[in-house]
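> Attaching a predicted model along with its sequence, questions to come.
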Amino acid sequence: MRCLVTGATGYIGGRLVPELLTAGHAVRCVVRSPGKLRDHPWAGRVEIVRGDVTDEESVRAAMEGVDVAYYLVHALGGGPGFEETDRRAARLFGERARAAGVRRIVYLGGLTPAGVPDHDLSPHLRSRAEVGRVLLDSGVPTAVLRAGVIIGSGSASFEMLRYLTERLPVMVTPRWVRTRTQPIAVRDVLRLLVGCAELPHEVNRAFDIGGPDILTYRDMMLRYAAVAGLPRRAILPVPVLTPGLSSLWVGLITPVPGTLARPLVESLRHEVVCAERDIRRYVPEPPGGPLGVNRALELALRRIREADVATRWSSAATPGAPSDPLPTDPDWAGGSLYTDHRRRAVNASPQEVWRVVESIGGENGWYALPLAWALRGWIDTLMGGVGLRRGRRDAARLRVGDSLDFWRVEEVLPPRLLRLRAEMRLPGLAWLEMRVDRDAEGRTVFRQRAVFHPHGLAGHLYWWGVSPFHALVFGGMARKIAAKAETPPSAGRPG
């Protein structure tokens, strides 16, 4: 079959595409930034088109010749008006699918608590439920899979669970840790999504999906501690932490920022347990049945320890609008551009320098003034930003679209260029660019450039306020990268 996948740069979409290919389907991915898929191992086996689910013309073109359309986009952590945006995009998607003769739509939504009216649901769950209804009413046979907590390496739910448990041996927790839920392993979600492509034409309904275990969030934290080999955690629920306070607390402790943590926390206020398991009539269960919580946690931890995380929750973030100036633009493009240039000759091969450049960030650090970087990360976290806690997807390799602490990989061309775009809270836009090449005499040269595009007076004041520290931060980073590349392997250079 010919399958259309929206959200292919996201956590689920990026894992669904190779599963569809393995099942023998042809895949077309529609994404706003096709370059973010360039470095995925399956990119050469799919058709990639530029588009946006809110743009009618691009959706119409993407639907041509499609049999099954996967709708895997939503405004998780969206700002004001996100429910209307979700509603409008789903309606457009359904209308264009019907006009193109698409045989089936498959949507991954949220598991909603039985008997709770829409107005009592969190805005996030309410919007997901409405999107499901819009697609079911589109005139195209639709399968809506409704999942609760998804456990897999790199998922937002898993990383929230992981960091809360690892960093807090004693926890004063909100009431929602006692709410029952029915988590599901990401591999079972993918298995069901792929299986829905073959559903009979007459099936047009929602299905609850979950794993075999029903337990509280507190139980999941205790199970994670046991699987990870941690001492038993002391968990003390208190009634005073509201969802808003809880999301701030989660944002400080875990890599998940408060804006994303809030919809996740609000989704845990009500019990979310499958009311039916009818999907088994259409998609057979694997030998041994779906994965239980312990096995799902074990697999997720193993993927992390082996640096084999295919996608992360942070993959879906979009670092700015297409109209934003790029650091390669001249100074007059889009307004002022402030720059800080550093250049160093390095007594090492370009490959040795690149190895150090590509391993920057995460647990490897930023080479110079770690306290200053940590302080900047904490300031960003307190301002509601992502801080330094997102780390890296892979300890040694980067690809376009990866999150890297409070940066996003905008371009990577081994072994010559790494360009990072800032996603911390700033009164402007910022990039950090690192290049490795040779000069006219054949010597290896490392070039580093920080670029800042200010927004208003606050942006100009910000640049001039921090510029006195650039020699320490950026100058020190360039010196340390060069020194690290020149260090013999036996002295511990990252490999």
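Now that the structure is in, tell me what you want to look at.
> got any ranges where the stretch 101-250 of the chain has weak pLDDT?
239-249 (pLDDT under 70).
> the helices in it, which residues?
Taking DSSP state H, counting those that start in this stretch, the helices of the stretch 101-250 of the chain run over residues 123-136, 156-167, 186-195, 217-227, 243-253.
> Pipe these into JSON lines and attach distance to Val272 per row.
In short, each C-beta sits where N, CA and C put it, glycine included. Formatted as JSON lines, those follow (distance: least, C-beta to C-beta, whole Å):
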{"stretch": "helix 123-136", "distance to Val272": "9"}
{"stretch": "helix 156-167", "distance to Val272": "12"}
{"stretch": "helix 186-195", "distance to Val272": "15"}
{"stretch": "helix 217-227", "distance to Val272": "11"}
{"stretch": "helix 243-253", "distance to Val272": "15"}
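> Of all these, which one is nearest Val400?
Taking C-beta to C-beta as the measure, these were each checked against Val400, and helix 156-167 came out nearest at 21.0 Å.
> can you redo the helices of the stretch 101-250 of the chain as a markdown table with mean neighbour count?
Shown next, in a markdown table, are the helices of the stretch 101-250 of the chain (neighbours: other C-beta atoms under 10 Å):
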| stretch | mean neighbour count |
| --- | --- |
| helix 123-136 | 22 |
| helix 156-167 | 21 |
| helix 186-195 | 21 |
| helix 217-227 | 19 |
| helix 243-253 | 19 |
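> do you know which of those lies nearest Arg277?
helix 186-195 (11.2 Å).
> what's the angle from that closest one to helix 156-167?
Inter-element angle recorded for helix 186-195 and helix 156-167: 180 degrees (by axes from the mean of the first three to the mean of the last three C-alpha atoms, to 10 degrees).
> ok, back up a step: out of the helices of the stretch 101-250 of the chain, flag the one nearest Val309.
helix 156-167 (10.3 Å).
> Check the offset of the closest one from the chain's centre.
15 Å (C-alpha atoms, centre = their mean, to the nearest Å).
> measure stretch 90-108 end to end?
Terminal residues of stretch 90-108 lie 12 Å apart, using C-alpha to C-alpha, to the nearest Å.
> Of the helices of the stretch 101-250 of the chain, which is nearest Ser267?
It's helix 123-136; of the helices of the stretch 101-250 of the chain, that one is closest to Ser267 (C-beta to C-beta) at 5.5 Å.
> other SSEs contacting the closest one?
Using 3 or more C-beta pairs under 8 Å, 6 or more residues apart in numbering; DSSP states H and E as the contact criterion, the elements in contact with helix 123-136 are helix 82-100, strand 104-110, strand 142-147, strand 205-209, helix 258-266.
> Let's have the ones you listed in CSV, adding distance to Arg302 and mean neighbour count.
CSV is the format used below for the helices and strands packed on helix 123-136 (distance: least, C-beta to C-beta, whole Å; neighbours: other C-beta atoms under 10 Å):
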stretch, distance to Arg302, mean neighbour count
helix 82-100, 35, 19
strand 104-110, 24, 25
strand 142-147, 22, 24
strand 205-209, 23, 21
helix 258-266, 24, 22
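> Need the ones you listed in JSON lines (columns: distance to Val346).
Listed next are the helices and strands packed on helix 123-136 as JSON lines, based on distance: least, C-beta to C-beta, whole Å:
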{"stretch": "helix 82-100", "distance to Val346": "47"}
{"stretch": "strand 104-110", "distance to Val346": "48"}
{"stretch": "strand 142-147", "distance to Val346": "49"}
{"stretch": "strand 205-209", "distance to Val346": "53"}
{"stretch": "helix 258-266", "distance to Val346": "39"}
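> which residues sit against stretch 397-405?
Around stretch 397-405, the neighbours that count as contacts under C-beta atoms under 8 Å, 6 or more residues apart in numbering are 9, 33, 35-40, 312, 314-315, 317, 358, 360-362, 377, 386-394, 408-412, 418, 420, 423.
> Inside helices: which ones of those residues?
When the contacts of stretch 397-405 are checked against helices using DSSP state H, the ones located there are Glu358, Gly377.
> Okay, and which of the contacts of stretch 397-405 map to strands?
Counting by DSSP state E, the members of the contacts of stretch 397-405 that fall within strands are Arg408, Val409, Glu410, Glu411, Val412, Leu418, Leu420.
> Go through these and say which is closest to Ala114.
Arg408 (39.3 Å).
> I'd say that closest one and Arg421 touch.
Yes. With contact defined as C-beta atoms under 8 Å, Arg408 counts as touching Arg421 (4.9 Å).
> The two: which has the busier surroundings?
Arg408 (25 against 21; other C-beta atoms under 10 Å).
> ok, now how distant is the more buried one from Leu418?
Here Arg408 is placed at a distance of 12 Å from Leu418 (C-beta to C-beta, to the nearest Å).
> Kindly report the same for Thr6.
Looking at Thr6 against Leu418, where the rule is C-beta to C-beta, the gap reads 29 Å.
> Ile12 too?
Noted for Ile12: a distance of 27 Å to Leu418, by C-beta to C-beta.
> ok, for Ala374, nearest residue in space, not its chain neighbours?
Distance criterion C-beta to C-beta, 6 or more residues apart in numbering; nearest residue to Ala374, sequence neighbours excluded, is Leu388 at 6.8 Å.
> next one: phi and psi at that neighbour?
Dihedral angles of Leu388 (phi, psi; degrees, to the nearest 10) stand at phi -90, psi 10.
> same deal with Gly288?
With angles defined as degrees, to the nearest 10, Gly288 sits at phi 90, psi -10.
> can you check the one 4 residues further on too?
Reported as degrees, to the nearest 10, the phi and psi values for Gly292 are phi -80, psi 170.
> can you pull the contacts of it?
The neighbours of Gly292, taking C-beta under 8 Å, 6+ apart as the test, are Gly211, Pro212, Asp213.
> can you check Pro18 too?
Under the criterion of C-beta under 8 Å, 6+ apart, the contact list for Pro18 reads Pro41, Trp42.
> how about 6 Å then?
Taking C-beta atoms under 6 Å, 6 or more residues apart in numbering as the criterion, Pro18 is in contact with Trp42.
> Read off the pLDDT value for it.
Turning to Pro18, the model gives it a pLDDT of 95.
> domain parsing for this protein?
Following automatic domain parsing, the chain resolves into domains at 2-315, 338-491.
> Need phi/psi at Arg277.
In terms of degrees, to the nearest 10, the main-chain angles of Arg277 are phi -130, psi 40.
> what sits opposite the residue lying closest to it once chain neighbours are set aside in the beta ladder?
Using C-beta to C-beta, 6+ apart and skipping residues adjacent in sequence, the residue nearest Arg277 is Asp208, 7.1 Å away. Listed beta-bridge partners, Asp208: Arg146 (assigned using DSSP bridges).
> right, and Asp208 touches Arg146 too?
Yes. Counting by C-beta atoms under 6 Å, Asp208 does reach Arg146; the two are 5.3 Å apart.
> Flag every buried residue along stretch 464-476.
Of the residues in stretch 464-476, Val473, Phe474, Gly475, Gly476 count as buried by neighbour count, 16 or more other C-beta atoms under 10 Å.
> I meant to write stretch 14-23 there.
Gly14, Arg15, Leu16, Val17, Pro18, Glu19, Leu20.
> Just the ones in helices from these, please.
Gly14, Arg15, Leu16, Val17, Pro18, Glu19, Leu20.
> Now do the contacts for the fourth one.
The reference is to Val17. The neighbourhood of Val17, defined by C-beta under 6 Å, 6+ apart, consists of Val5, Ala8, Val27, Trp42.
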